[in-house]
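Q: Got a predicted model here, sequence first, then my questions.
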Amino acid sequence: MIVLKGAYLAEAVYHNIGLRTMGDIDLMVKKDHLERVDQLLLAMGCVPKDYTRVVAQDNHHYGYQLPGSGITVEIHWTIISSIIPIQIDMEKVWERAQPVVIAQTPALTMAPEDLLVYLCLHMMVHTTNVISLRMVCDINEVVRHFGKQLNWQVIQERAYQWGVVRGVYLIFRLPQELLGVAVPEDWLVSIRPANFTERYLELAKAHILIDRRGLAPPLKSFYAVSNLSQLWGSKGFRSKLSLIGNPFQLGHPAHVQRVGTDHIHRLFLDQFLWALVLTVTLWWMTAHRPSCSWTPF
């Protein structure tokens, strides 16, 4: 079992669970073990948050509510939904995983280089929530924690292998600019996209620091630099359109089974509004900036 994100970071990286808040506990198991894990959690009295637990194209985890506490545990079998056009060799991720003790329990964690690229990826594709300063702090603390143990060449290779090097560059600039994290300057230069402009960085910082109180949920989704960096990182107009179309996967039968018919229409409307706002934004960027084109964007 690999402990993901907050549960690992709070104890092993921040060294104080009070310094790293989390909304749930994320664990990853191999797909072949999902049924066994499901049986164990149900035997513990956990309540499934999904109507049916089916491995589908547009999901990558199940949710369970722990009895008596209200805490949610998410059981992942991969780190990203397959509808996102990114290829990750999960077998290699498991091979590189390292032993760790969390809450006095032996477990596994990602290799540091995999962890950093994963944290960047999580920020890029987390389309249902706004990017937060906490996410930037996570990267800052991981770099500080591992220090000279980090192999920056491996991080670069992993970013290219997973096809997220553009987003990785932008996201690593954030802790450097906001928190002063020691990212090697020559490494940043080596992965800087040829068409990158500082406007992307300023937009990302604005999304992090903006006061979102009073914004409606669809507009909160719009204030997610992850969505923009994901689109920016995709090559080609068709690829970008496929990302804009992802919200309409809500109509997929497996998703209806998981969330129930009572909620599907509201969710579809929210995502439709998000897609509309994003489309208008992309039009504005291409129509008002001669240097911006669809293909390399």
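A: Structure's in. What do you need?
Q: switch to C-alpha atoms for all contacts and neighbour counts from now on
A: Fine.
Q: who's in contact with Pro67?
A: Contacts for Pro67 (CA atoms under 8 Å, 6 or more residues apart in numbering) come out as 44-47.
Q: If any of these are buried, give me the PyMOL selection for them.
A: Buried residues among these (16 or more other CA atoms under 10 Å), as a PyMOL selection:
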select buried, resi 46+47
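Q: Return the member of the contacts of Pro67 nearest to Pro184.
A: Using CA to CA, Cys46 is the member of these that sits closest to Pro184, with 44.9 Å.
Q: which non-adjacent residue is nearest that closest one?
A: In this structure, Cys46 finds its nearest non-sequential neighbour in Leu66, 4.8 Å apart by CA to CA, 6 or more residues apart in numbering.
Q: The one you found against Pro48, yeah?
A: No. Judged on CA atoms under 8 Å, Leu66 makes no contact with Pro48 at a distance of 9.1 Å.
Q: Just put the contacts of Pro67 in CSV and tack on distance to Gly18.
A: Below are these laid out as CSV (distance: CA to CA, whole Å):
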residue, distance to Gly18
Met44, 27
Gly45, 27
Cys46, 25
Val47, 26
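Q: Which member of the contacts of Pro67 is positioned nearest Leu115?
A: Cys46 (28.2 Å).
Q: Return the residues in contact with the closest one.
A: Residues near Cys46 by CA under 8 Å, 6+ apart: 64-67.
Q: what residues go with each domain of this structure?
A: As assigned by automatic domain parsing, the chain contains the domains 1-109, 111-223, 234-297.
Q: Which of these has the lowest mean pLDDT?
A: Mean pLDDT values for the domains of the chain show the minimum at domain 234-297, a mean of 47.
Q: Show me the helices in this protein, by range?
A: Per DSSP state H, the chain carries helices over the ranges 5-8, 34-43, 90-96, 112-125, 133-146, 152-161, 165-179, 185-191, 198-209, 217-222, 225-233, 237-245, 253-259, 261-288.
Q: CA atoms only: put the second one into CSV for me.
A: Output for helix 34-43, consisting of C-alpha atoms alone and laid out as CSV, is shown next (Å, rounded to 0.1, in the frame of the first residue of the first chain):
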residue,chain,number,x,y,z
LEU,A,34,-9.2,-3.8,-4.8
GLU,A,35,-11.8,-6.4,-4.0
ARG,A,36,-10.0,-7.6,-1.0
VAL,A,37,-9.5,-4.0,0.3
ASP,A,38,-13.2,-3.4,-0.3
GLN,A,39,-14.1,-6.4,1.8
LEU,A,40,-11.8,-5.4,4.6
LEU,A,41,-13.2,-1.8,4.8
LEU,A,42,-16.8,-3.0,4.7
ALA,A,43,-16.0,-5.5,7.5
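Q: What are the contacting residues of it?
A: Helix 34-43 is contacted by residues 48, 64, 77 when judged by CA under 8 Å, 6+ apart.
Q: Could you tell me which of these are located in strands?
A: 48, 64 (DSSP state E).
Q: CSV please, covering the contacts of helix 34-43 and showing distance to Asp24.
A: Putting the contacts of helix 34-43 into CSV (distance: CA to CA, whole Å) gives the following:
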residue, distance to Asp24
Pro48, 14
Tyr64, 10
Trp77, 16
